[in-house]
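Undergrad: sequence first, then the predicted structure, then my questions.
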Amino acid sequence: MSVITETRSTCCYCGVGCGVLISASGNQITGVRGDPDHPANFGRLCSKGSQLHLTSTPLIQAHRRLHTPMLRQHRNETLQHADWNTVTALMASRIVSTVRQYGPDSIGFYVSGQLLTEDYYLFNKLARGLIGTNQIDSNSRLCMSSAVAGYKQSLGSDAPPCNYEDLDCADLVLIIGANPAYAHPVLYRRLEAARHKRPQMKVVVVDPRRTDSAQDADLHLAIKPGTDVALLNGLLHICLWEGWIRQDWIDAHTTGFTELRNSVRSYTPEYTASVCGVKPEDLHQLAEWFYKAPASLSLYCQGLNQSSSGTAKNSALINLHLITAQIGRPGTGPFSLTGQPNAMGGRETGSMSTLLCGHRDIQNPADRAEVAAAWGIDTLPDQAGSTAVDMFEAVRNGRIRILWIVCTNPAQSLPAQAQVRAALEAAELVIVQEAFADTATCRYADILLPAASWGEKEGTVTNSERRISRVRAAISPPGMAKPDWWIASQIGQAIQQHFPLKKNLKLSYEGPQQIWNEHRELTRGQDLDITGLSYAMLEQHPQQWPCPTGQTSGKPRLYTDFRFQHADGKARLIETPYQSAQDKVTPRTPFILSTGRIRDQWHGMSRTGANNAAFSHQPQPFLEMHPADMQSRLLQDGDMVHISNQRGQQYWRIIGNPALRPGLLWLPMHWGEEYVWGYEDGQTAYGVNTLVSPALDPQSRQPELKYTTVSLRKQ
Ligand code: SF4
């Protein structure tokens, strides 16, 4: 009888970052339970986390896993099994010859918030240090880049100031553009427990849908989709009008007050209410509670971020915290909830085309010189590379010729799918590094690299509250599958043979700990300084950053001295004029289509889709519509409807839901092409994101995944 071992690790789904204990027998994961000692969850797990073993064991997943590298010489051939030496030599030769012919920016890397920090760090070094391209961006661009831009412009640093304990001691919690009951369930359970203990705590939800989070709230403002900036400006207006501001604090710790005050003059309660479709008295109530509560906390996620005005939405919310001085104290602050398990790690290692390691600035010569010196090379590329949606456009028009996709599925997750698929077909070489062989993107691969999955690899992740936890291997990867850092290291070393000037660039590592040590040294003196945070310390306890050398624990809460990260120590009050979403409601496209998460599925279902139990909550895809809209179109539950816009067309089974605003349609984000009916007039329905708008926020370049207009007819 084989022995059962238990390994301490971290859940691979959302940014709550729950600690788990993985049971394994032989090379099979047999169970998962919550880690009672992990400060993110104290033993709790949600339905996704508690079923991780059902989606992770090689026995169950064997038929779906990539066991060997695979390649094909021509697109019309089928992929053949290969060994690592063959694919490494081939990739090095193709990448080197393409760089020589077309320059380093002809190589693009599209990486993922599912990667571990060590993986992220090494891909960043490979792209920027070795190849010399900033064409590296992460799918976190679709998730958190507006939060990054908002924090940086308002507070001077990409640093969520709060921690999970703030949920226990807040007096008012404003949930805006988030549904934590489904998307961050363990955190939501903590909020429920806190309300139970302190019934005076108020919760307000701003969301066009009456979600499960909204259902439990003291006040729900069902705003018109996309009008969050107007609503937040309206709240500022009311606070200013009523004198619900902390003028001394504003004068001491912020700049830009006069300009901000002037900019929200026209956002009267009546005007704001008419733009947002809410009651003026509800606005007034929220403003009063927010100001008068001893501690006001806001929780937000993709409803603010995935927007063509995502950065403005973030800064408008931070403005509200600043003028009411609801920041820097227990239970206060603007708290962005990260979607993916390690969106934060990507930001910390600078693995987005507009960032650089250790929260440095790609445009800053001194920052680039520091990183180049640490890496033993002369220079780093100085122009920001393409961001996610732009990157696929650059592939489509031939500026990027080789695309290396790591641990993400853009053929399902990016908006405007027809263009994304055209880009993948136009690329000269598509390399996909994946655990699973059957994702939509794998079909476009010329080279498939088998990656180790959760439970099979070692490293670290950072959750929403800046807490870094260890991820540990409980079993070995199947076949020839390897950890992502190992693949970057091996292929990087093969490429390096052709670039003698880069011979000092270290790409060979004994393991993730060595990479971690190099990464933390590059944070020295930065806002996220983790030079004091060794693997040995993380073995004892997950820690929040910063944690500089000599500290025995990380910093739970930022800005407690009200000194912000701008050079003068003051936060910026940012003018945020309201702009409507880019798709317009017209007589031809009268419905707004929004997308979101259901409770038991994760992203494109490449993992949860293999677990039958995950379908017991919602077994089939569906499109939600308000019953009044259904009645006016003579629709009944279960009818098939055709929805379309200039980007494509699809068929969905409709169900009525009075929790929606009339005029709004809502679609779960998870289902891919295999579940979507829409083959008509030569157009293919590539899953949920076929119709979704690729409009971008001008600063964060995050796409507007939450607001698309469509026409609808009964099929
Ligand atoms: Fe995993 Fe998030 Fe659920 Fe925690 S809340 S168990 S991190 S999916």
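TA: Structure received. Since the structure is predicted, the reported quantities are computational estimates derived from the model, not experimental observations.
Undergrad: contacting residues for the residue of the chain found nearest the ligand?
TA: When distances are taken as CB to the nearest ligand atom, the chain reaches nearest to the ligand at residue 49, 2.3 Å away. Bear in mind the C-beta positions are built from the backbone N, C-alpha and C, glycine included. With contact taken as CB atoms under 8 Å, 6 or more residues apart in numbering, residue 49 is in contact with 11, 13, 18, 20, 32, 34, 186.
Undergrad: ok, those vs residue 598, which is closest?
TA: residue 13 (13.3 Å; CB to CB).
Undergrad: so that closest one, which state does it fall into?
TA: coil (DSSP: H, G, I helix; E, B strand; the rest coil).
Undergrad: the one 3 residues further on too?
TA: Per three-state DSSP, the local secondary structure of residue 16 is coil.
Undergrad: tell me how many other residues surround it.
TA: 29 (other CB atoms under 10 Å).
Undergrad: also residue 472?
TA: 17.
Undergrad: what ranges in the stretch 151-300 of the chain fall below the confidence cut-off?
TA: Within the stretch 151-300 of the chain, not a single segment meets pLDDT under 70.
Undergrad: and the helices in it, which stretches?
TA: Secondary structure of the stretch 151-300 of the chain (DSSP state H, counting those that start in this stretch): helices located at 165-169, 180-183, 185-197, 212-215, 228-242, 247-253, 257-263, 269-276, 280-292.
Undergrad: make JSON lines out of these and add distance to the ligand and mean neighbour count.
TA: Shown next, in JSON lines, are the helices of the stretch 151-300 of the chain (distance: least, CB to the nearest ligand atom, whole Å; neighbours: other CB atoms under 10 Å):
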{"stretch": "helix 165-169", "distance to the ligand": "13", "mean neighbour count": "19"}
{"stretch": "helix 180-183", "distance to the ligand": "8", "mean neighbour count": "23"}
{"stretch": "helix 185-197", "distance to the ligand": "4", "mean neighbour count": "19"}
{"stretch": "helix 212-215", "distance to the ligand": "14", "mean neighbour count": "18"}
{"stretch": "helix 228-242", "distance to the ligand": "24", "mean neighbour count": "24"}
{"stretch": "helix 247-253", "distance to the ligand": "34", "mean neighbour count": "14"}
{"stretch": "helix 257-263", "distance to the ligand": "36", "mean neighbour count": "15"}
{"stretch": "helix 269-276", "distance to the ligand": "30", "mean neighbour count": "19"}
{"stretch": "helix 280-292", "distance to the ligand": "27", "mean neighbour count": "18"}
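Undergrad: grab the nearest non-local neighbour of residue 3.
TA: Nearest non-adjacent residue to residue 3, counting by CB to CB, 6 or more residues apart in numbering: residue 25, 7.1 Å away.
Undergrad: so that neighbour sits against residue 6, correct?
TA: No. With contacts defined as CB atoms under 8 Å, residue 25 does not count as touching residue 6, sitting 10.6 Å away.
Undergrad: CA atoms of stretch 241-248 as CSV?
TA: The C-alpha coordinates for stretch 241-248 follow below in CSV (Å, rounded to 0.1, in the frame of the first residue of the first chain):
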residue,chain,number,x,y,z
TRP,A,241,-21.6,69.9,-1.5
GLU,A,242,-22.4,68.4,1.9
GLY,A,243,-19.0,69.2,3.3
TRP,A,244,-18.3,65.4,3.7
ILE,A,245,-14.6,65.8,3.1
ARG,A,246,-11.5,66.0,5.3
GLN,A,247,-10.1,69.3,4.1
ASP,A,248,-7.0,69.4,6.4
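Undergrad: what's it in contact with?
TA: Applying CB under 8 Å, 6+ apart, the contact partners of stretch 241-248 are 238-239, 287-288, 290-292, 323-325.
Undergrad: just flag the most distant two among the residues you listed.
TA: Farthest apart among the contacts of stretch 241-248 - using CB to CB - are 238 and 325, which lie 16.4 Å from each other.
Undergrad: give me the pLDDT value at the residue of the chain closest to the ligand.
TA: The per-residue pLDDT reported for residue 49 equals 94.
Undergrad: wasn't it part of a strand?
TA: No. Residue 49 is assigned helix when assessed by three-state DSSP, not a strand.
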